[in-house]
Structure formats: C-alpha cells, structure tokens
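>>> Any chance you can model this:
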Amino acid sequence: MKPREVAGGGRAVEVPPERLDGFFARFAERHGGITATETAPFEVRVTAADGASATATVPFGPLPEGSSLAAHALVPRRIALLLVRLGGHSVGIARDGRIEVSRTDRHLVQGRSAAGGWSQQRFARRRAGQARHALQDAAKDAFEVLVPRLSAVDAVVLGGDRRALDELREDRRLAPLFARAEPRVLDVGDPSYAVLEDAAARALSVQVTLRDG
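Numbering: from 1, shown residues only. Here you go, the predicted model:
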C-alpha cells in the first residue's frame, strides 16, 4: 500500500512482517545509521543519525518482553475481519492471511441529492432507511459468522467507514467482537471478497510512521 500522510507530519506505511528487518536496515542506510532504539509494549521507535525517526505500532500488542518486533509480528494468527461501508460489508476468518470462511453483501445506498424542499427531505429519509437496513444486514452477518468463532481467533481487525463501524458498536450482540478489536482501522474500498482477501494480508502488517529529522 502507498504511504499516506498522517496528522502531525510524516507518512505511514504498512510493512509485511517478513520484510521488517530489511525495512529497518534500509532506513538505517539512508539516514546514517541508528543512534537510538526505544521499545515499549505498544510501540518501537528508532532514531537515525540525521534525526529521522521510524515509529512502529506493535500489532496485536503488547510486545512480549524479550521478543523482537519482527518475531512477534511473524507469529501465526487466526484473525476475525469486519469490513463495513454503507454500500456493503464483508466479514471473515483468516488464518495467516488466507480466508477460511466469509460472507459478503452489497447494498444500494443512494448518493446525496441536489434537489431542495420536500424532494430533498424525501430523498434523505429514503437514503437513511437504506443505510439503516445495510447496517442491520452487516450486524446480522457479523453476529452469525464472527461472534460464534471468537474463542478460536487471536484478534479482531476492523476496516472501512468509521461512522458505520461506530453505529455497529451500538449493537449489544457485537460487544464481544468490538471488545477485542485492534486499535487500527484499515482503510478499504467498497467491501468485496477480493477486498477481504487483501485486508487479511494487510491485517498482519506493521504500521510504521516515518518522520524527517
């Protein structure tokens, strides 16, 4: 995935676990070597000679004492995935980045209308109803596919529209699911099986924020 700008300056990249050691080695080469490494339960930060820094958020934290970030990230895991946007949703269980079981559905939620007056109000009510039904279907599939399998997964990873996910949090049936969700929310397009497959691989990656000196 391409780097993206982050608040406070800098850019974030997703690094697959098997590439972490090489990533940090190249970072050191480009910036004159590493002068400091700070390791915390949920964050590992390295600072280079020219003042540049690379801060990795520990996935599936905390980082076990005595373990390297790469070794921790490479541990095999089974993950529950919940991807939701107003236009659809996809849920699944993935082991080591490969989908084992899934369910995907698409929904018609119309875009905004430029009309005014009563037409605008009728359109807004219709759109709100479509969005409500879409989220109800997403909650139903998450409850049926993911919740019964929570005891067999190591983590829960979310993706999609944050507002849609926040509405699903209000469904008490899904409380056990959201209680185990990772802090990071994957930025994904309209959910489909292909998007779910990509998210299953990305869920295992380590997010590193790079800042210049």
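>>> Quick check: the gap between Arg106 and Pro16.
When C-beta to C-beta, to the nearest Å is applied, the distance between Arg106 and Pro16 equals 29 Å. Just so you know, the C-beta spots here come from the backbone N, C-alpha and C atoms, and that holds for glycine as well.
>>> Ala54 now?
From Ala54 over to Pro16 (counting by C-beta to C-beta), the distance is 15 Å.
>>> Run through the residues that contact the closest residue to Val147 other than its chain neighbours.
The spatially closest residue to Val147, leaving aside those adjacent along the chain, is Leu177, at 5.8 Å (C-beta to C-beta, 6 or more residues apart in numbering). Leu177 makes contact with 80, 82, 142, 146-147, 150, 156 under the criterion C-beta atoms under 8 Å, 6 or more residues apart in numbering.
>>> Name the residue in Ala54 and Pro16 with the higher neighbour count.
Counting neighbours by other C-beta atoms under 10 Å for Ala54 and for Pro16 shows that Ala54 has the greater number, 22 against 15.
>>> just checking, Ala134 is part of a strand?
No: membership of Ala134 in a strand is not supported by DSSP: H, G, I helix; E, B strand; the rest coil, which gives helix.
>>> if I read this right, it contacts Asp141, doesn't it?
No: checked against C-beta atoms under 8 Å, the pair Ala134 and Asp141 is beyond contact range at 11.1 Å.
>>> between those two, what contacts are shared?
Any residue near both Ala134 and Asp141 by C-beta under 8 Å, 6+ apart counts here, and that gives His89.
>>> how about the strands in the chain?
For the chain, the strands identified by DSSP state E occupy 4-5, 11-15, 34-40, 43-48, 53-57, 78-85, 88-95, 98-106, 155-160, 181-186, 206-211, in order along the chain.
>>> Go through these and pick out the most buried.
Neighbour counts averaged per stretch over these are highest for strand 78-85, at a mean of 25; criterion: mean count of other C-beta atoms under 10 Å.
>>> Each with direction, which strands does that strand pair with?
According to DSSP bridges, the neighbouring strands of strand 78-85, each with its direction, are strand 88-95 (antiparallel), strand 155-160 (parallel).
>>> roughly how far is stretch 147-161 from the heart of the chain?
Average the C-alpha atoms of stretch 147-161, do the same for its chain, and the two points are 11 Å apart (C-alpha atoms, centre = their mean, to the nearest Å).
>>> ditto for stretch 187-201
On the basis of C-alpha atoms, centre = their mean, stretch 187-201 sits 10 Å off its chain's mean C-alpha point.
>>> so how far is Arg85 from the residue nearest to Gly189 when sequence neighbours are not counted?
Beyond its immediate neighbours in the sequence, the residue positioned closest to Gly189 (C-beta to C-beta, 6+ apart) is Val195, lying 5.8 Å away. As defined by C-beta to C-beta, Val195 lies at a distance of 10 Å from Arg85.
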